[in-house]
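In: Turn this into a model:
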Amino acid sequence: MASKTIRFLKRNLMEILFLLPLLLMVSVITIYPIVYGIYLSFAEYSGSVGLENYNYVFSTYGVTYAIINTLLIVGVALTIQFLLALLTALLLNRDFRGRSFFRTVIMVPFGVATVVSGIAFTFIFSPSGWYLNSLLIHLGLISTGIDWIRPIPVAIMSVALADSWKNFPLIMLILLGGLSSIPQSQYESAAIDGAGFVKQFIYITLPGLFPFIMIAVTIRLIQEVNILSLPLVLTGYTPAFLGTLSFQIYETFSLGSANQAAAVATILLGIVVLLVTMYIIISRRMGMEG
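Out: Coordinates of the predicted model:
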């Protein structure tokens, strides 16, 4: 075993030397804070290790509701983003005049800072009669302004719409790359055999896009679970998501509450790990990985 290790080090010495700075940076910036945060979540004030912090946050801060809200925002936002991105990618994959211009313009929201987009949508969803309420009143659809940021179901939908506007271009870009990788000859052969758009979409487009769909949805799913800045700017701490709840506990109270904040963050980490694990299992079953 020792001789194999020595031979491996000799063969890959240069690669290892180049990777060491990266591994050191990742360890210091990522791995150590995660491990230390998990330790804090189990560290009790008495000096022992236990579940006191978890019991406290579940009984005091309503972590169960934060988990439900987080899963709701993941489901609603991802559904909107995926459908919008798929439709846009299918349109932009066609050959028409100005296609390059529209591809560039559609990517603009993704480059807007999250805080800036959150502030912009506060004007749109403001209950005091700004853009959306003024438009609906002008069209005669409502008589008085709707509070888009206080009832929890409506607030979740508002956050989902704002987040979808900003982030659907990322999914669209990945799906557009997937569409360009599908050979055009497949569509030509299907058209000769009499297959229409629907059959071509089901039997050619979707199977060809599946690896790209998994990548795009997984990336956005992990980001959605960690949503923080947008709801803080748009709705504040209500409704509470896991990210906003952890930040609120750490920010609002004394330094000792870092343990409770770490407990919520660890729950968030567990959900992310679970989702990534589900992705790996599904990918292997679908034959995407060896």
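In: shaky segments in the stretch 101-250 of the chain?
Out: In the predicted model of the stretch 101-250 of the chain, residues 129-130 satisfy pLDDT under 70.
In: how about the strands of it, start to end?
Out: Counting by DSSP state E, counting those that start in this stretch, one finds no strands in the stretch 101-250 of the chain.
In: how about the closest residue to Y187 other than its chain neighbours, what does it touch?
Out: Excluding the flanking residues, the one nearest Y187 by C-beta to C-beta, 6 or more residues apart in numbering is Q200, at 5.8 Å. C-beta: built from backbone N, CA, C; applies to glycine. For Q200, the contact set (C-beta atoms under 8 Å, 6 or more residues apart in numbering) comprises 187, 190-191.
In: burial measure for F125, as a count.
Out: Using other C-beta atoms under 10 Å, F125 is surrounded by 24 other residues.
In: which one of the contacts of Q200 sits closest to S3?
Out: Comparing the contacts of Q200 against S3 with C-beta to C-beta places Y187 closest, at 55.6 Å.
In: Isn't I80 up against A160?
Out: Yes. At 6.0 Å, I80 counts as touching A160 under the criterion of C-beta atoms under 8 Å.
In: Between those two, tell me which one has more neighbours.
Out: For I80 versus A160, the count of surrounding residues by other C-beta under 10 Å is larger for A160: 24 against 18.
In: can you tell me which residues contact the more buried one?
Out: The neighbours of A160, taking C-beta under 8 Å, 6+ apart as the test, are 73, 76-77, 80.
In: Using CSV, lay out these together with secondary structure and pLDDT.
Out: Conversion of the contacts of A160 to CSV gives the following (DSSP: H, G, I helix; E, B strand; the rest coil; pLDDT from 0 to 100):
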residue, secondary structure, pLDDT
I73, helix, 94
V76, helix, 95
A77, helix, 95
I80, helix, 95
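In: Relative to G243, which of those residues is nearest.
Out: The shortest gap between G243 and any of the contacts of A160 belongs to I73, at 10.1 Å (C-beta to C-beta).
In: What is the neighbour count of that closest one?
Out: I73, neighbours per other C-beta under 10 Å, totals 23.
In: I'd assumed I156 was in contact with it.
Out: Yes. Using C-beta under 8 Å, I73 and I156 qualify as a contacting pair, with a distance of 5.7 Å.
In: May I have stretch 186-200 as PDB, with CA atoms only?
Out: Written as PDB, here are the backbone C-alpha positions of stretch 186-200 (Å, rounded to 0.1, in the frame of the first residue of the first chain):
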ATOM      1  CA  GLN A 186     -33.100  14.100 -35.900                       C
ATOM      2  CA  TYR A 187     -35.900  16.600 -36.300                       C
ATOM      3  CA  GLU A 188     -35.600  16.300 -40.100                       C
ATOM      4  CA  SER A 189     -35.900  12.600 -40.000                       C
ATOM      5  CA  ALA A 190     -38.900  12.800 -37.600                       C
ATOM      6  CA  ALA A 191     -40.600  15.400 -39.900                       C
ATOM      7  CA  ILE A 192     -40.200  13.000 -42.900                       C
ATOM      8  CA  ASP A 193     -41.800  10.300 -40.800                       C
ATOM      9  CA  GLY A 194     -44.800  12.600 -40.100                       C
ATOM     10  CA  ALA A 195     -44.000  13.500 -36.500                       C
ATOM     11  CA  GLY A 196     -45.400  16.900 -35.600                       C
ATOM     12  CA  PHE A 197     -44.000  19.500 -33.100                       C
ATOM     13  CA  VAL A 198     -45.500  17.700 -30.000                       C
ATOM     14  CA  LYS A 199     -44.100  14.300 -30.900                       C
ATOM     15  CA  GLN A 200     -40.700  15.800 -31.700                       C
END
